[in-house]
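**Student:** structure for the following, please:
(one chain, ligands or ions: 3)
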Amino acid sequence: MKISFADISIGKTGALALVVTEGATPTGVAADLDRKTGGAIKRAMKAANFTGKAGSSVELIAPHGLTLSRIVLVGAGKSGELTATGMENIGGELVARMERAKETSVSTILDGIANGKITAGEAAARVGFGAKLRSYRFDKYKSKKKDAAAPLKSFSIGTKAATPARKAYGTLEKIADGMFLTRDLVNEPPNVLYPTEFAKRARALSKLGVKVEVLGEAAMEKLGMGSLLGVGQGSVRESQLVIMRWNGGKAGDKPVAFVGKGVCFDTGGISLKPPAGMEDMKGDMGGAACVTGLMHALAARKAKVNAVGVIGVVENMPDGNAQRPGDIVTSMSGQTIEIINTDAEGRLVLADALYYTEKRFQPKFMIDLATLTGAIMIALGKEYAGLFSNDNKLSAQLAEAGEAENEKVWRLPMGPAYDKAINSQFADMKNTGDRYGGSITAAQFLLRFVKDTKWAHLDIAGTAMASPKSSINTSWGSGWGVRLLNRLVADHYEG
Ligand code: BES
Ligand code: MN
Ligand code: ZN
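**Tutor:** Ligands and ions are numbered 1, 2, ... in the order given. Now for the predicted structure:
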């Protein structure tokens with residue numbers, strides 16, 4: 001789908017969407033259309049009781065006096081309450097509606113859609129962003145494509161602010177590309193996307209100027225990464241550690257760092273998961289996928305920041321050689337871990353990835369993302385990701401970026417009382433706590449591998465995959481986190 005911006009004009013063919021605020025009487029293009037159609041616009045508004053409430057719409061088919069196929073009036077809500085999220089939802093819903101109607105080209109007119117918080121250019125760009133995000137499809141494994149709705153070919157946005165809109169959209173489009181990469185990686189089946197294949201796809205970022213290094217098992221053994229390697233020990237697929245570096249900032253400036261859990265498939269290992277829903281565990285690399293998509297976005301938009309992405313990519317399988325409950329492994333940090341449950345594997349991967357990242361890069365901060373615990377969904381549902389941190393400022397920045405991008409995070413507590421739940425009888429720690437506070441004890445485990453760097457952990461088990469459908473996303477893998485972290489970087493760590 002081609003998204004473009006132009007001045008306001010009534011086209012000759014295809015569909016026309018007119019975005020109007022609540023209570024506004026038709027002026028400008030709306031008044032022109034009303035005149036050309038012999039008053040049909042005002043009549044339709046009245047007949048449908050349409051006042052421009054957010055989420056409401058009226059449709060006129062083949063309007064008399066025009067060669068357009070249809071006109072849709074779309075409510076944007078009160079003028080003072082327009083938001084970026086609201087605009088994205090309008091763009092997304094329009095794409096869905098036009099595809100259902102088998103339209104191939106739509107022109108959306110935004111006249112006077114702006115307020116003190118959002119400029120006309122930004123509003124138009126966000127409509128485009130929502131349209132683009134909604135247009136995502138993952139149907140490469142469907143041999144019969146004919147049932148699928150024909151995709152819209154062209155989505156043009158008419159605005160008096162076409163130039164700033166085009167510029168703002170130029171950046172958003174790159175963020176969307178990063179999100180699409182994340183969605184693709186999460187959606188791919190686990191027989192296709194195993195660790196070395198994931199590493200290969202990360203390597204492709206080098207064409208955007210990202211420096212990519214891949215460590216295999218021999219290199220990780222040399223580094224002493226017994227915690228990560230233990231997880232992949234039962235798999236015939238080789239474990240990988242991928243390091244991505246984007247140097248868009250000042251030379252010598254400390255990087256910001258993102259670390260991802262990349263369990264390409266999580267059977268639970270010897271502590272085997274029950275069969276129901278196990279197929280979802282192909283998405284257990286959602287953290288790593290987010291880090292990869294984020295690096296794509298930062299590099300594509302040439303962010304003025306030094307950023308590193310480190311992902312631990314493994315497969316957790318039961319096998320004659322698999323790790324056992326009771327095993328004790330030694331992590332790169334030197335700390336020993338008693339394995340209680342081989343299904344608590346994500347923290348074992350992150351332990352070595354976090355330690356490696358801090359030691360090698362001494363970053364300004366480290367943020368890890370992981371589909372770490374089912375318990376986070378019990379606590380927060382699918383609306384918020386869990387946030388755990390040793391730093392109040394970084395937490396506040398994440399919360400604020402989350403509200404702005406509608407990828408929300410909720411901070412949960414940490415502390416010594418939780419930490420002691422992972423003390424082990426035989427080793428320095430064990431990989432599970434007791435029955436309670438499962439997401440918190442998992443976070444406490446991670447914190448034991450952070451020395452003195454500002455750190456935040458996002459538990460995205462509820463937000464990265466099996467996502468509820470929304471106006472801007474119908475994909476199973478949501479791409480969650482790319483926008484959030486891009487925003488964090490853009491607002492506080494660039495320039
Ligand atoms: N990958 C799972 C967590 C998960 C569950 C993600 C459901 C997405 C949806 C993780 O590796 C896991 O198995 N965690 C265990 C931890 C337990 C053994 C302490 C869990 O949450 O049950
Ligand atoms: Mn697991
Ligand atoms: Zn897992």
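**Student:** tally of neighbours for Gly252?
**Tutor:** Counted by other C-beta atoms under 10 Å, the residues lying close to Gly252 total 6. (Each C-beta comes from the backbone N, C-alpha and C, glycine too.)
**Student:** ok, now the one 5 residues further on?
**Tutor:** If you count neighbours by other C-beta under 10 Å, Ala257 ends up with 26.
**Student:** likewise for Pro318?
**Tutor:** So Pro318, with other C-beta under 10 Å, has 17 neighbours.
**Student:** that one and ligand 1, how far apart?
**Tutor:** Look at Pro318 and ligand 1: by C-beta to the nearest ligand atom, to the nearest Å, they are 13 Å apart.
**Student:** ok, the residue in the stretch 101-250 of the chain positioned nearest to ligand 2 to Ser331 distance?
**Tutor:** Using C-beta to the ion, the closest approach of the stretch 101-250 of the chain to ligand 2 is made by Val231 at 9.2 Å. Using C-beta to C-beta, to the nearest Å, we find Val231 at a distance of 12 Å from Ser331.
**Student:** average pLDDT across stretch 335-343?
**Tutor:** For stretch 335-343, the mean per-residue pLDDT is 99.
**Student:** anything in that stretch near ligand 1?
**Tutor:** Yes: applying C-beta under 6 Å from any ligand atom, one finds stretch 335-343 touching ligand 1 at Asn341, Asp343.
**Student:** would you work out how far apart the start and end of that stretch are?
**Tutor:** 20 Å (C-alpha to C-alpha, to the nearest Å).
**Student:** ok so, going back, pull the contacting residues for the residue of the stretch 101-250 of the chain closest to ligand 2.
**Tutor:** Ser239, Val263, Gly269, Val314, Asn316, Gln323, Thr342, Glu345, Leu348, Val349 (C-beta atoms under 8 Å, 6 or more residues apart in numbering).
**Student:** take these and write them to CSV, including neighbour count and distance to Gly178.
**Tutor:** Converted to CSV, these look like this (neighbours: other C-beta atoms under 10 Å; distance: C-beta to C-beta, whole Å):
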residue, neighbour count, distance to Gly178
Ser239, 26, 25
Val263, 30, 21
Gly269, 27, 31
Val314, 35, 23
Asn316, 29, 26
Gln323, 23, 34
Thr342, 27, 33
Glu345, 29, 26
Leu348, 30, 28
Val349, 32, 22
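**Student:** among those, which are in helices?
**Tutor:** If you go by DSSP state H, these have Leu348, Val349 in helices.
**Student:** do stretch 288-295 and ligand 1 meet?
**Tutor:** No: counting by C-beta under 6 Å from any ligand atom, ligand 1 has no neighbours in stretch 288-295; the shortest distance is 12.4 Å.
**Student:** also stretch 381-396?
**Tutor:** No: using C-beta under 6 Å from any ligand atom, stretch 381-396 stays clear of ligand 1, with a minimum separation of 10.4 Å.
**Student:** which of the contacts of Val231 lies closest to Asp7?
**Tutor:** Proximity of those to Asp7 (C-beta to C-beta) peaks at Val263, which lies at 49.9 Å.
**Student:** grab the nearest non-local neighbour of the closest one.
**Tutor:** Closest residue in space to Val263, ignoring its immediate chain neighbours: Asp284 at 4.0 Å, by C-beta to C-beta, 6 or more residues apart in numbering.
**Student:** how near is that neighbour to ligand 3?
**Tutor:** According to C-beta to the ion, to the nearest Å, Asp284 and ligand 3 sit 4 Å apart.
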